[in-house]
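**Student:** 3D model of this:
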Amino acid sequence: MQTSPHHSSRLQRRSVIVCLSIAYACAAPACGLDSVPAARHGAGETSVRRVSAAGSVSSGAVFAQGGAAGAVDPLARGGVALCEAGKAIYNLTADARLLRFDPIRYTFSEIGKVVCPGEDSAPNSMAIDRRGVVWVGFHDGAVFHVSSTDARCAPSGYVAAQLGWSAFGMAFVGENTPEQEALYLADNSGLSDSNRKNVGLGRVDPRTLELAFVGPLGAPVNGRACELTGLDGGILHVLCPGDAAAGSSSSIAEIRARDASVLSVVEIGLKVMGSYAIAQWGGSDFVFTGKSRSAGARRSSVDRYTPHVGITRVVEDAGYDIVGAGVSACAPISPD
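**Tutor:** Numbering: from 1, shown residues only. You can find the predicted model right below:
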């Protein structure tokens, strides 16, 4: 995803928090907040923690355990064996190149150029289902299917701009059984319109591809342009930028997909200045953040956050401006 020029402040297994640098202009060790203890909270309140970019984590619970959403039929659109796509993270670049990222060796390989029929808009975000089908969202609200093996593109059947949403974060979330999942979207297109009543989280029906509004995201991540990564058990991790003018910090929230409720939040306190994406793999969260290099081209860095370990810069210059990341909801929770 990329920050909007009209709204510069806009914008995965359990117990995983990303506390990382969503900062584009500074290296991780230089951009952190001091760790502070989690505030005590009562029933129904959201815990908030802060983490330093150097890797220290304040005390308090990690992510709360969330419930599963209602059962749905599996998406039967495939290309690879069930969950084969969970062996890697997939990325999308600003110039529509599909990449595969090895989360163990920290290397990228280019799959191909995404050229979708009749689509002139730039790519904005992506998600990948359990069968290896990449779902690519464009800035005009269109969503296409892309092969994770050769980047071929075809219409998905999704009707663009449902609910008025034209730009959104995307992720598949596991719901109940190993084959049950649904695509969730976080609206980023109507944040500046105070008259919009359906800004928040939406769910795409796997049978009809109709987008239904789930609910607004709660404080403190409401009103922000968020990216998503999905887990089994009906849980999303939501990466949201802060708003300096409003005094809010960049945050990672754990969201229960079925009702958009915020279960817990980690304040990061870093600036978002360009493209950004997040994907969970092997018990860690990988965050892809872009910044301008000396030659003027925007290139992304990759940081890995592992609970109780902290943040590690694993790729300084990916060689690409990455706007989307996706990983199967059945990706492993440990690297073994």
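
**Student:** Let me see the contact set for the residue found closest to residue 112 once you drop the neighbours it is linked to in the chain.
**Tutor:** Nearest non-adjacent residue to residue 112, counting by CB to CB, 6 or more residues apart in numbering: residue 151, 3.1 Å away. Placement of C-beta: from N, CA and C, glycine included. Counting by CB atoms under 8 Å, 6 or more residues apart in numbering, residue 151 makes contact with 97-98, 111-114.

**Student:** element containing residue 151, please.
**Tutor:** For residue 151, there is no host helix or strand (DSSP states H and E).

**Student:** Tell me the predicted confidence for residue 310.
**Tutor:** Looking at residue 310, its pLDDT is 69.

**Student:** low-confidence ranges in the stretch 151-300 of the chain?
**Tutor:** Per-residue confidence for the stretch 151-300 of the chain (pLDDT under 70) gives these ranges: 177-179, 190-198, 242-250, 268-273, 292-296.

**Student:** Strands - which of the contacts of residue 151 land there?
**Tutor:** Under the assignment DSSP state E, these contribute 97-98, 111-113 to strands.

**Student:** Between the contacts of residue 151, which sits nearest residue 254?
**Tutor:** Nearest to residue 254 out of the contacts of residue 151 is residue 98 (CB to CB; 28.1 Å).

**Student:** partner residues bridging the closest one?
**Tutor:** When bridges are called by DSSP bridges, residue 98 pairs up with residue 92, residue 112.

**Student:** surely it meets residue 146?
**Tutor:** Yes: in this structure, residue 98 is within contact of residue 146 by CB atoms under 8 Å, at 6.2 Å.

**Student:** okay, and the common contacts of those two?
**Tutor:** 114, 134.

**Student:** Run a quick neighbour tally on residue 118.
**Tutor:** 7 (other CB atoms under 10 Å).

**Student:** Tell me the secondary structure at it.
**Tutor:** coil (DSSP: H, G, I helix; E, B strand; the rest coil).

**Student:** i'd like the first residue to be 8 from this point on
**Tutor:** New numbering, starting at 8: the last item is residue 125.

**Student:** need the contact list for the closest residue to residue 168 other than its chain neighbours.
**Tutor:** Spatial nearest neighbour of residue 168, excluding adjacent residues (CB to CB, 6+ apart): residue 148 at 3.8 Å. Contact analysis of residue 148 by CB under 8 Å, 6+ apart lists 167-169, 172-175, 196.

**Student:** Just to be sure, residue 148 is in a helix?
**Tutor:** No: using three-state DSSP, the secondary structure at residue 148 is coil, not a helix.

**Student:** quick one: it and residue 264, what's the gap?
**Tutor:** Separation of residue 148 from residue 264 (CB to CB, to the nearest Å) stands at 21 Å.

**Student:** you'd agree residue 178 is up against residue 237?
**Tutor:** Yes: shown here, residue 178 and residue 237 form a contact pair, counting by CB under 8 Å, at 3.8 Å.

**Student:** Between the two, which contacts overlap?
**Tutor:** 19, 134, 191, 243, 336.

**Student:** and the second one, how many neighbours does it have?
**Tutor:** To tie it back to what came earlier, the one meant is residue 134. Neighbour count of residue 134, defined by other CB under 10 Å: 32.

**Student:** sec struct for it, please.
**Tutor:** Residue 134 ends up strand, using three-state DSSP.

**Student:** residue contacts, residue 161?
**Tutor:** So residue 161 contacts 123-124, 151-153 (CB under 8 Å, 6+ apart).

**Student:** Could you check how far it is from residue 284?
**Tutor:** Using CB to CB, residue 161 is found at 23 Å from residue 284.

**Student:** how much space between the closest residue to residue 222 other than its chain neighbours and residue 333?
**Tutor:** Spatial nearest neighbour of residue 222, chain neighbours left out: residue 267 (3.8 Å); criterion: CB to CB, 6+ apart. According to CB to CB, residue 267 stands 20 Å off from residue 333.
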